[in-house]
Structures are given as structure tokens and as C-alpha cells.
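In: sequence unavailable; structure follows:
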């Protein structure tokens with residue numbers, strides 16, 4: 001399997017205090033993405049972290 005065939009359909013997204021959203025990373029499984037989001041959220045910063053699935057066209061679920 002090469003890099004072009006690897007599917008990473010789960011995103012971890014961060015929203016800062018000003019409402020700006022940033023993609024933190026892409027992951028193969030929802031569980032893996034949720035683990036990352038939870039660990040970032042547990043650091044105690046005011047940012048919000050969540051997991052969303054990438055749509056077929058490559059956009060986030062809310063795009």
C-alpha cells in the first residue's frame with residue numbers, strides 16, 4: 001500500500017477563542033481521532049476539539 005491509497009477519513013478539528021477553525025490531523029479510525037481530541041481537550045485550554053468524518057469530496061462534514 002502506498003501513500004495515495006491510504007484512507008484517513010476522520011478529522012480532529014480545533015476552534016479557538018475567536019471562532020477560527022483548524023484541522024489538527026487526519027486519522028484512519030474514529031477511535032484514534034477521538035483519543036487525540038480527548039487528550040488535547042484534557043490539557044485545560046479554552047479551545048474546543050471535536051471529530052468529524054471527511055465527506056466523499058474530501059471536505060469536512062460541516063463544509
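Out: On my side now, so go ahead. Bear in mind the structure is a predicted one, so any value in this text is a computation, not a measurement.
In: chain neighbours aside, what residue packs nearest to the most centrally placed residue in the chain?
Out: Closest to where the C-alpha atoms of the chain average out (Cα atoms, centre = their mean) is residue 12, at 1.3 Å. Counting by Cβ to Cβ, 6 or more residues apart in numbering, residue 12 lies nearest to residue 24, which is 4.1 Å off, once chain neighbours are set aside. For every residue, glycine as well, the C-beta is placed using N, CA and C.
In: next, count neighbours for residue 55.
Out: Residue 55 has 12 neighbours, counted by other Cβ atoms under 10 Å.
In: give me the element the residue nearest to the centre of the chain is part of.
Out: Element membership for residue 12, per DSSP states H and E: strand 10-15.
In: partners of that strand in the sheet?
Out: The strands beside strand 10-15 in its sheet (DSSP bridges) come out as strand 21-27 (antiparallel), strand 48-53 (antiparallel).
In: so for the shortest one, mean pLDDT?
Out: Yep, that's strand 48-53 we're talking about. Averaging pLDDT along strand 48-53 gives 96.
In: list of residues touching it?
Out: Residues outside strand 48-53 that contact it (Cβ atoms under 8 Å, 6 or more residues apart in numbering) are 9-15, 24, 30, 33-34, 37-38, 40-41, 60-62.
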